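Participant: Next input, structure requested:
(4 chains)
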Number of protein chains: 2
Amino acid sequence: MKTEPIFSQLHQQVNKMLTLNQKEWDAFTGIFVFRSVPKKFNLVRVGDVSREAYFINKGAARLYFEKEGEEISANFMFENSFIASLESFLLQTPSRQAIDTLEGCELLVLSKQRLDELIQTYPKFHIFSKAIAEMAFIMLQRRASSFILDSPEERYMNMLQQRPEILERVPQHMIASYLGVTPVSLSRIRKRIS
Amino acid sequence: MKTEPIFSQLHQQVNKMLTLNQKEWDAFTGIFVFRSVPKKFNLVRVGDVSREAYFINKGAARLYFEKEGEEISANFMFENSFIASLESFLLQTPSRQAIDTLEGCELLVLSKQRLDELIQTYPKFHIFSKAIAEMAFIMLQRRASSFILDSPEERYMNMLQQRPEILERVPQHMIASYLGVTPVSLSRIRKRIS
DNA sequence: TAGTTTTATTATCTTTTGATAATGAAATGC
DNA sequence: GCATTTCATTATCAAAAGATAATAAAACTA
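Facilitator: Next up is the predicted model:
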């Protein structure tokens, strides 16, 4: 299949979800727009309706809540993943979460409107949406269950095992809120472990 | 649309997700089996592959984790909802969660295999799966974010507001683990509030 | 109904985490 | 390259939650 290099990573991921012929693939890539953004760039603001989702070709981004002026990290995403304020994107309601880049990013921007049009034309792409939602659910479930089942210390250990890149690429105070503790508390956990 | 009374509640819910003609609706109801089970009945065990999901016509059920012999509640579901160990059901992998009834239940049992066959025949039902996954994600996201954003006391207050039926129909020690605290701690929270 | 088991509350003590502040290290911006 | 800001660690103290045990209340069961 002919694929522009800019879409090769997306192709690899989408191939896991469904099989497309050339025409379908062209229609699919047609709804994405390439965008290059610097470090600390704000992609989604709390309160705005998020009309875009982002596939990360290169870089890192962060999904976070705002509570009393504090930023509380919900997730970190790197190359070859989608990032979106999914509830806002799906329901087109004001977002409870914001998205910033952590590094300069090369993104493929997916507009909700164009995705909906694509699905109208090719109902097959319901499978794409379904796969995204199922994957998001399963990832979130694993994360949420660790808040119910594990102590902050266990959560930190699990993160090291399962997502070591987070430690490499994300400032520690953002990791702290991701784990549900204060930066001070995370520093104590790290000391206890070492 | 002709609908047996046993499917009327399901019909009401599924109507919100997609529009079906008589033939499609008959095919859909054809993959469900009615099952009546007593209180405290075990529907899914940890470690088993969950090949069924359940629509609750009547009654209440609980989804829970097991940790060191303890049962830790993940969710409670009542009439007109689906309940499933969704990760296990979707991926057909061993379940991390168990399901028990809290009350005698009248269930419509949906088998994964028959759902897959139905989707093969009528690709339209991808929309059903998509809607289930999206809804599950959004519900879980709201719950997970309250573990990140709120104190146990705030979580209890939110539960009273948003899902007061839980207090009515679920024993307090199960609510405690659902909120991420011990029964002793929940009792203290209740005292502080009153 | 009486007896047993389960459940909720309260008390005591310990552990953990949060809040705050101080210090040093690192990163950022002119 | 120097000054400023941001970030991570450490210390101290306060608050909250966990562990355990005792008691009372409620629910089950024979």
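Participant: Might you enumerate the residues of chain A proximal to DNA strand C?
Facilitator: A:151-153, A:180-182, A:184-185, A:188-189 (C-beta under 7 Å from any atom of the strand). Any C-beta I mention is one placed from the backbone N, CA and C, and that applies to glycine too.
Participant: since we're on the nearest residue to A:A53 once chain neighbours are set aside, how many residues are nearby?
Facilitator: Closest residue to A:A53 apart from its sequence neighbours, by C-beta to C-beta, 6 or more residues apart in numbering or on different chains: A:A84 at 3.6 Å. Neighbour count for A:A84, taken as other C-beta atoms under 10 Å in any protein chain shown: 24.
Participant: Repeat that for the one 3 residues further on.
Facilitator: Taking other C-beta under 10 Å as the neighbour definition, A:E87 ends up with a count of 21.
Participant: A:I166 too?
Facilitator: A:I166 has 19 nearby residues by other C-beta under 10 Å.
Participant: Same question for A:A176.
Facilitator: 21.
Participant: Report the contact partners of it.
Facilitator: Contact partners of A:A176, counting by C-beta atoms under 8 Å, 6 or more residues apart in numbering or on different chains, are A:182-183, A:185-186.
Participant: So what's the gap between the helix or strand that contains it and the chain middle?
Facilitator: If you go by DSSP states H and E, A:A176 is part of helix A:172-179. Average the C-alpha atoms of helix A:172-179, do the same for its chain, and the two points are 16 Å apart (C-alpha atoms, centre = their mean, to the nearest Å).
Participant: Bridge partners for the spatially most central residue of chain A, pull those for me.
Facilitator: Nearest to the mean C-alpha position of chain A, counting by C-alpha atoms, centre = their mean, stands A:I83 at 2.5 Å. Counting by DSSP bridges, A:I83 is bridged to A:Y54.
Participant: Just give me the closest of the residues of chain A next to DNA strand C to DNA strand C.
Facilitator: Closest to DNA strand C out of these is A:S185 (3.1 Å), distances taken as C-beta to the nearest atom of the strand.
Participant: Roughly how far does that closest one sit from chain B?
Facilitator: According to C-beta to the nearest C-beta, to the nearest Å, A:S185 stands 14 Å off from chain B.
Participant: okay, now that residue: neighbour count?
Facilitator: 14.
Participant: List the buried residues of the helix or strand harbouring it.
Facilitator: Assigned by DSSP H and E, A:S185 falls within helix A:183-193. Within helix A:183-193, the residues that count as buried by 16 or more other C-beta atoms under 10 Å in any protein chain shown are A:186, A:189.
Participant: which other residues reach it?
Facilitator: Outside helix A:183-193, the residues within contact range by C-beta under 8 Å, 6+ apart are A:152-153, A:156-157, A:172-173, A:175-176, A:179, A:181.
Participant: 7 Å instead, please
Facilitator: Contacting residues not belonging to helix A:183-193 are listed as A:152-153, A:156, A:172-173, A:175-176, A:179 [C-beta atoms under 7 Å, 6 or more residues apart in numbering or on different chains].
Participant: Would you mind checking those residues for buried ones?
Facilitator: Among the contacts of helix A:183-193, those buried by neighbour count (16+ other C-beta under 10 Å) are A:152-153, A:156, A:175-176, A:179.
Participant: possible to save those residues as TSV with pLDDT?
Facilitator: Shown next, in TSV, are the buried ones among the contacts of helix A:183-193 (pLDDT from 0 to 100):
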residue	pLDDT
A:P152	90
A:E153	90
A:Y156	92
A:I175	95
A:A176	95
A:L179	94
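Participant: Can you name the residues of chain A sitting close to chain B?
Facilitator: Residues of chain A lying near chain B by C-beta under 7 Å from any C-beta of the partner chain: A:65, A:67, A:72, A:74, A:86-87, A:90, A:96, A:123, A:126-127, A:129-130, A:133-134, A:136-138, A:140-141, A:143-145, A:147-149, A:180.
Participant: Filter those residues down to the ones in helices?
Facilitator: Of those, the ones assigned to helices by DSSP state H are A:86-87, A:90, A:126-127, A:129-130, A:133-134, A:136-138, A:140-141, A:143-145, A:147-149.
Participant: Adding distance to B:R114, write the buried ones among the contacts of helix A:183-193 out as TSV.
Facilitator: Listed next are these as TSV, based on distance: C-beta to C-beta, whole Å:
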residue	distance to B:R114
A:P152	43
A:E153	44
A:Y156	43
A:I175	44
A:A176	46
A:L179	41
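Participant: Pull the contacting residues for the residue nearest to the centre of chain A.
Facilitator: Counting by C-beta under 7 Å, 6+ apart, A:I83 has contacts A:54, A:56, A:61, A:63, A:77, A:99.
Participant: Is DNA strand D within reach of the helix holding A:S185?
Facilitator: Yes. Applying C-beta under 7 Å from any atom of the strand, one finds helix A:183-193 touching DNA strand D at A:183-184, A:186-188, A:190-191.
Participant: what's the closest of those residues to B:L18?
Facilitator: For these, the residue nearest B:L18 by C-beta to C-beta is A:L186; the value is 45.4 Å.
Participant: Could you list which of the contacts of A:I83 belong to strands?
Facilitator: Among these, the residues falling in strands (DSSP state E) are A:54, A:56, A:61, A:63, A:77, A:99.
Participant: contacting residues for A:Y64?
Facilitator: Contacts of A:Y64 by C-beta under 7 Å, 6+ apart are A:71-74, A:97-98.
Participant: Just the pLDDT for it.
Facilitator: With respect to pLDDT, A:Y64 has a value of 95.
Participant: Count the neighbours of A:M135 for me.
Facilitator: Using other C-beta under 10 Å, A:M135 is surrounded by 17 other residues.
Participant: gap between it and B:P171?
Facilitator: Look at A:M135 and B:P171: by C-beta to C-beta, to the nearest Å, they are 34 Å apart.
Participant: repeat for A:T29
Facilitator: For A:T29 relative to B:P171 (C-beta to C-beta), the value is 53 Å.
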